[in-house]
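K.L.:
Generate a structure from the sequence data that follows.
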Amino acid sequence: MTATVEGARRAPGTGVPREAALALGDDALVLSHRLGEWAGFAPVLEEEVALANIALDLLGQARVLLSLVGDEDELAYLREERAFRNLQLAEQPNGDFAHTIVRQLFFSTYQHLLYTRLAAVDGPFTALAAKAVKEVAYHRDHAEQWTLRLGDGTEESRRRMQRACEALWRFTDEPFRPFGGLIGPAVRADGPGRYGPPEPEGSGDASGAGTVVDGAALEAEWLASVTAVLTRATLTVPEGPRSGGWTAGAGRQGIHTEPFGRMLAEMQHLHRSHPGASW
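P.N.:
Predicted coordinates:
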């Protein structure tokens, strides 16, 4: 279910909800960088190429989204940690190969469902979503095939996949929380306060502008899809909470996990060391 609502902060001179564009762009940028860290370290050459291609797809998405609301280089390389709006899931370290695959499965399933909805309505992200959903379908399929292969593989591969599922499960609630004129509010059985800390003023809310996707419906479809894949892979769906307290899942408000600061320092080092340099 989608709807257009009035009143969220938009980028000056455009019809683009700024916080929504930053959120989607930062998701893609950060995960692209994480996947790029596999260069030279992937288990086989073919997989190194596959991960690099996914990273480049995400980087292309990030460039389009960030350029909608500002200078893409300044937004990527000159913002401080608290100014980034990416999901905490996207910033999690690669870990071993199983950890990377589970992170990709969780994220790409969400991204594919979201972009499918955004592509189906007339809004500021329609054109991007219509193109990106084709790329993300491949990302999701790639992660799904590896999940099946490793989950239903050796005892060791299954153990690593299950461990990754347990470790990342607490970051899978955040994508469906109301945010920035992108994800709409939903009535949840567990009552008020479900969505953690309040959003900063001007970041967009239930009265924000833009294309709003029904968070509850998106979440239900995501959970059904992921559960089906994990079950086929002989993995157990984690029983723990999908949110680890109000700081877990607050990436959309600029609250990030410790590894993100180290990743950002590495990503921004060259640009900050040689501002304005060109070659």
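
K.L.:
Residue 226 - how many residues pack around it?
P.N.:
Under the neighbour criterion other CB atoms under 10 Å, residue 226 is assigned a count of 21. In this view, the C-beta of every residue, glycine as well, is placed from N, C-alpha and C.

K.L.:
residues touching it, list them.
P.N.:
Residues touching residue 226, when contacts are defined by CB atoms under 8 Å, 6 or more residues apart in numbering, comprise 105, 106, 109, 172, 237.

K.L.:
again, only using 10 Å
P.N.:
The contact partners of residue 226, taken as CB atoms under 10 Å, 6 or more residues apart in numbering, are 102, 105, 106, 109, 110, 144, 147, 165, 169, 172, 237.

K.L.:
same check, this time on residue 50
P.N.:
For residue 50, the residues meeting the contact criterion (CB under 10 Å, 6+ apart) are 35, 38, 42, 44, 138, 139, 142, 146.

K.L.:
Looking at the residues you listed, which is nearest residue 218?
P.N.:
residue 139 (17.3 Å; CB to CB).

K.L.:
Just give the number of residues close to the closest one.
P.N.:
Residue 139, neighbours per other CB under 10 Å, totals 24.

K.L.:
so which strand or helix has it?
P.N.:
Assigned by DSSP states H and E, residue 139 falls within helix 126-151.

K.L.:
Return the list of helices and strands in contact with the very next helix or strand once past that helix.
P.N.:
In the C-terminal direction, the helix or strand that comes right after helix 126-151 (DSSP H and E) is helix 155-168. Secondary-structure packing of helix 155-168 (3 or more CB pairs under 10 Å, 6 or more residues apart in numbering; DSSP states H and E): helix 97-119, helix 126-151, helix 215-232.

K.L.:
tell me the average confidence for the helix or strand just after helix 155-168?
P.N.:
Following the chain from helix 155-168 toward its C-terminal end, the next helix or strand by DSSP H and E is strand 183-184. For strand 183-184, the per-residue pLDDT values average out at 84.

K.L.:
and strand 183-184, how far out from the chain's middle?
P.N.:
15 Å (CA atoms, centre = their mean, to the nearest Å).

K.L.:
name the helices or strands packed onto that strand?
P.N.:
Secondary structure elements in contact with strand 183-184, counted by 3+ CB pairs under 10 Å, 6+ apart, are strand 2-5, strand 210-214, helix 215-232.

K.L.:
Dump those to TSV, plus distance to residue 96 and mean pLDDT.
P.N.:
As requested, these are exported to TSV (distance: least, CB to CB, whole Å; pLDDT from 0 to 100):
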stretch	distance to residue 96	mean pLDDT
strand 2-5	38	34
strand 210-214	33	71
helix 215-232	18	97
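
K.L.:
For the ones you listed, state which one has the densest average packing.
P.N.:
Compared across the helices and strands packed on strand 183-184, strand 210-214 shows the largest average neighbour count, a mean of 24 (mean count of other CB atoms under 10 Å).

K.L.:
coming back round to it: residue 257 is nearest to which of the helices and strands packed on helix 155-168?
P.N.:
Comparing those against residue 257 with CB to CB, the closest turns out to be helix 97-119 (12.8 Å).

K.L.:
what's the distance between the closest one and the middle of its chain?
P.N.:
From the chain centre to the centre of helix 97-119 is a distance of 7 Å (CA atoms, centre = their mean).

K.L.:
next one: stretch 58-73
P.N.:
With CA atoms, centre = their mean as the basis, stretch 58-73 stands 15 Å off its chain's centre.

K.L.:
one step back: let's have the helices and strands packed on strand 183-184 in a markdown table, adding distance to residue 154.
P.N.:
Putting the helices and strands packed on strand 183-184 into a markdown table (distance: least, CB to CB, whole Å) gives the following:
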| stretch | distance to residue 154 |
| --- | --- |
| strand 2-5 | 43 |
| strand 210-214 | 39 |
| helix 215-232 | 17 |
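
K.L.:
just for the stretch 151-279 of the chain, where's the confidence low?
P.N.:
186-211, 244-249, 279 (pLDDT under 70).

K.L.:
swap the cut-off to 80 and go again
P.N.:
Regions of the stretch 151-279 of the chain meeting the criterion pLDDT under 80 cover residues 180-181, 185-212, 240-249, 271, 276-279.
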